[in-house]
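In: Below is the structure, and that's it, no one-letter string:
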């Protein structure tokens, strides 16, 4: 019995131990599950902490990369200054001259001396073109002259009898005198005696009819004497009718013109032949010019010329050479040439300055307007528009020219499209963009005529 009980007791004990071990295992598994859950939670917590940091690091890296990309210019770009375009950099920064922020611009494949403008820029700059072609070109000589009085039409009014000027009717230089206008009144004893002789002769004609021939000769001689002394037919008829001697005899003008000189005053005593007035006509005038010796071979008598007189009118006047001084003036070394021009409207006045243009020879040549040429100390150049719309600066050799056109000897070919107006604006735009003169790349061309 005792053995069976011991055996049962051992069996219960073993069973209890097994149950205890099972409970321990359950607890251990629960503990391990709690530990694993804690580890997982810790991992999530760590992950949640490092994720924003990683995002920030990624963002910072991308910004650094982006900044590195924008700081450096691409292969077809460069940085320059809007105020100093000669500054060229390949990374962002400030201008070393004015310290303004550099701007990025696109490179182009233009060569030296080339520039390209948009259609709007061309329109705003009023740039126009023309095709180079052969045209008639006349050599033109430009002279400067002064308008003077035509001495062939000038009148000198002189005293025809000696006496005293009692009254002057014309006192101002520049006044216009008409034919028959009163000039002055003169008292002359010789003229009074001649008047008395004429009155006596006419009285004898009425009294004696015996010798009419001799009386008429006497009257004719007395009348001619009065005419020589300056009296006219009307005055002599008045004298014949009134039988009264005119103490102060009026003298009238025998010509039209402007008073250019007055050489007498009231109360002056004048002798026969004394010049009292000078009259000038403005219907025809002279223009006198100084012609230097290199131009002399082109000037001949009756050579026609055009005149521009800005003080008189904008229109051109025409005239011809009437006199060339045979003597060279020294030490200036010029020859005086005289031109004659008509002045029917009398808008040209003596003393005005005139620009004289002489055309001496004509020939066929490649020509351009004067305004298309840019000239400086290095020579002459023009802007040519290529087929691709690019403007290119070309150096040229010029020849004969006049006030409007100039001959192209070398540097251009017939048919090229040349900038006619706006050439200087193109030049300025090139200097502004490139920071250099477009002629710097050109070589000096021989035979350049400035």
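Out: That came in fine, so what should we check first? Remember, it's a predicted structure, so these values are computed and weren't measured experimentally.
In: Run a quick neighbour tally on residue 33.
Out: As a burial measure, residue 33 scores 10 neighbours (other C-beta atoms under 10 Å). (C-beta placed from N, C-alpha, C; glycine too.)
In: mind checking which helix or strand it is in?
Out: Per DSSP states H and E, residue 33 falls inside helix 2-71.
In: Which helix or strand lies directly C-terminal to that helix?
Out: Following helix 2-71 toward the C-terminus (DSSP H and E): strand 77-80.
In: in that following strand, what's buried?
Out: For strand 77-80, the neighbour count (16 or more other C-beta atoms under 10 Å) marks 78, 79, 80 as buried.
In: repeat for stretch 291-305
Out: Here stretch 291-305 shows 291, 295, 299, 303, 305 as buried, counting by 16+ other C-beta under 10 Å.
In: now swap in stretch 406-425 and tell me
Out: 406-409, 411-412, 416, 418-420, 422-423, 425.
In: what's the farthest-apart pair in the residues you listed?
Out: The distance between the two most remote of these (C-beta to C-beta) is 25.9 Å, for 409 and 425.
In: still on that earlier bit, can you redo the buried residues of stretch 291-305 as JSON lines with secondary structure and pLDDT?
Out: Below are the buried residues of stretch 291-305 laid out as JSON lines (DSSP: H, G, I helix; E, B strand; the rest coil; pLDDT from 0 to 100):
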{"residue": "291", "secondary structure": "strand", "pLDDT": "91"}
{"residue": "295", "secondary structure": "helix", "pLDDT": "85"}
{"residue": "299", "secondary structure": "coil", "pLDDT": "85"}
{"residue": "303", "secondary structure": "coil", "pLDDT": "86"}
{"residue": "305", "secondary structure": "strand", "pLDDT": "89"}
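In: Pick out whichever of those sits closest to residue 94.
Out: Out of the buried residues of stretch 291-305, the member with the shortest distance to residue 94 (by C-beta to C-beta) is residue 295, at 59.8 Å.
In: who touches that closest one in this structure?
Out: Residue 295 makes contact with 141, 143, according to C-beta atoms under 8 Å, 6 or more residues apart in numbering.
In: what does the one 10 residues further on give?
Out: Applying C-beta under 8 Å, 6+ apart, we find residue 305 in contact with 318, 319, 320, 321, 339, 356, 357, 358.
In: By neighbours, which of those wins?
Out: Of the contacts of residue 305, with other C-beta under 10 Å as the count, residue 339 tops at 26 neighbours.
In: Go through the helix or strand where that residue lies and flag the buried ones.
Out: Using DSSP H and E, residue 339 falls within strand 334-342. Within strand 334-342, the residues that qualify as buried by neighbour count (16+ other C-beta under 10 Å) are 334, 335, 336, 337, 338, 339, 341.
In: In a markdown table, list those along with pLDDT.
Out: Below are the buried residues of strand 334-342 laid out as a markdown table (pLDDT from 0 to 100):
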| residue | pLDDT |
| --- | --- |
| 334 | 91 |
| 335 | 92 |
| 336 | 93 |
| 337 | 93 |
| 338 | 95 |
| 339 | 95 |
| 341 | 93 |
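In: What is the most widely separated pair among those?
Out: Longest span within those, C-beta to C-beta: 334 and 341, 20.9 Å.
In: still on that earlier bit, average pLDDT for the helix or strand following the strand holding residue 339?
Out: Using DSSP H and E, the helix or strand that directly follows strand 334-342 along the chain is strand 353-369. Per-region confidence: strand 353-369 scores 85 on mean pLDDT.
In: Make 51 the starting number, not 1.
Out: Yes, from this point I'll number from 51; that puts the last item at strand 403-419.
In: List the neighbouring strands of strand 403-419 plus their orientation.
Out: strand 183-199 (antiparallel), strand 354-358 (antiparallel), strand 455-460 (antiparallel) (DSSP bridges).
In: can you pull the buried residues of it?
Out: So for strand 403-419, counting by 16+ other C-beta under 10 Å, buried means 404, 405, 406, 407, 408, 415, 416, 417, 418.
In: The fifth one contacts residue 350, doesn't it?
Out: No - in this structure residue 408 lies outside contact range of residue 350 using C-beta atoms under 8 Å: 10.2 Å.
In: how about the strands of the stretch 201-350 of the chain, start to end?
Out: Assigned by DSSP state E, counting those that start in this stretch, the strands in the stretch 201-350 of the chain fall at 205-208, 213-218, 226-227, 232-237, 299-302, 307-312, 319-320, 325-330, 334-342.
In: what's next to the longest one, contact-wise?
Out: Applying C-beta under 8 Å, 6+ apart, the external contacts of strand 334-342 come out as 193-203, 349, 357, 369, 372, 374, 379, 382-393, 398, 400, 404, 406.
In: The residue nearest to residue 253 when sequence neighbours are not counted - how many residues pack around it?
Out: Closest residue to residue 253 apart from its sequence neighbours, by C-beta to C-beta, 6 or more residues apart in numbering: residue 293 at 7.4 Å. Neighbours of residue 293 under the rule other C-beta under 10 Å: 10.
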